[in-house]
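In: I'll drop the sequence and a predicted model, then ask my questions.
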Amino acid sequence: AMGIHTIGRLADFPRDVLKSKLGKMGEHFYNLAHGIDNRPVVKGEGVKSISNEHTFGEDVIDQEMLMKTLLQLSEKVGYRLRKKDLQGRTIHLKLRYDNFQTITRNKTLATPADSTQMIFNTIQRLFEQNYQTGRRVRLLGVGVSGFGDETASEQLSLFDKTQASHSELDRLQDLLTDRFGKKTVSRAESLPRGKDTNDLSKNRF
């Protein structure tokens, strides 16, 4: 084992070490860590939304656990977006309490995004604005829609540079996920026991 559990740890390895341990994939990892990615992309034709949900085995009231769950759901949605070369402008939150009352909220961004951090930042704000403190949660969901907007500005701003930095980290994490599995590298700890569902829909979220 090489002890690679974070993106930062991978980026510390020299090219020769990665190649000797992982062969051709090691060179791919090195290149991606330095912003080089020549892989072909496959667009998701006709897809209107991508979402992931988690139903807790036991209702949850701990806000730290709820935030970790939202982060991991954001990672999953972001990963699926990037695999299909999709960016969306509208971020969706789904929140279901223990009495099955269900709340859905969304926010439309100024520019399309596929960045895990951008998705999570938006979801976090939506959750904080709408969660009723002290109530137990049965299910959380994260979704993205509003694909195919080609009119977004391409001007390079400070925001764009930050998003580009996030995108490089996302691509590196995606490659690690492809190689070692979805549970190997995550910004969040493992979800509590429950049921995960995902949806790739030709209808809106």
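Out: Arrived safely, thanks for sending.
In: And the helices in the protein, which stretches?
Out: Taking DSSP state H as the test, the helices found in the chain are 7-11, 15-22, 24-33, 63-83, 116-130, 158-180.
In: List the buried residues of the second one.
Out: So the one you mean is helix 15-22. 18-19, 22 (16 or more other CB atoms under 10 Å). C-betas here are computed from N, CA, C, even on glycine.
In: Nearest to Tyr97 among these?
Out: Nearest to Tyr97 out of the buried residues of helix 15-22 is Leu22 (CB to CB; 45.5 Å).
In: Would you mind giving the domain segments of this protein?
Out: 1-38, 48-201 (automatic domain parsing).
In: which stretch in these has the least confidence?
Out: For the domains of the chain, the stretch scoring lowest in mean pLDDT is domain 1-38; its value is a mean of 63.
In: Arg82 and Thr116, how far apart?
Out: Counting by CB to CB, to the nearest Å, the gap from Arg82 to Thr116 is 9 Å.
In: what do those two both touch?
Out: Common neighbours of Arg82 and Thr116 (criterion: CB atoms under 8 Å, 6 or more residues apart in numbering): Asp170.
In: Of those two, which one has the most company?
Out: When Arg82 and Thr116 are compared for neighbours, Thr116 comes out ahead with 25 against 19, by other CB atoms under 10 Å.
In: and the gap between that one and Gln72?
Out: Taking CB to CB as the measure, Thr116 and Gln72 are separated by 10 Å.
In: Equivalent analysis for Leu81, please.
Out: Separation of Leu81 from Gln72 (CB to CB) stands at 15 Å.
In: and if you look at Tyr97?
Out: According to CB to CB, Tyr97 stands 20 Å off from Gln72.
In: who's more crowded, these two?
Out: Taking other CB under 10 Å, Tyr97 and Gln72 do not tie; Gln72 has more neighbours (25 against 16).
In: and the nearest residue to Leu18 once chain neighbours are set aside, how many neighbours does it have?
Out: Distances taken as CB to CB, 6 or more residues apart in numbering place Gly26 nearest to Leu18, at 3.3 Å, with adjacent residues excluded. A count of neighbours around Gly26, defined by other CB under 10 Å, yields 20.
In: list the contacts for Gly26?
Out: The contact partners of Gly26, taken as CB under 8 Å, 6+ apart, are 15, 17-20.
In: any chance of those residues in a markdown table, plus distance to Arg136?
Out: A markdown table is the format used below for the contacts of Gly26 (distance: CB to CB, whole Å):
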| residue | distance to Arg136 |
| --- | --- |
| Arg15 | 50 |
| Val17 | 48 |
| Leu18 | 45 |
| Lys19 | 50 |
| Ser20 | 51 |
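In: Out of those residues, which is nearest to Thr104?
Out: Within these, the smallest distance to Thr104 is 43.3 Å, found for Leu18 (CB to CB).
In: The closest one and Asp170, how far apart?
Out: Counting by CB to CB, the gap from Leu18 to Asp170 is 19 Å.
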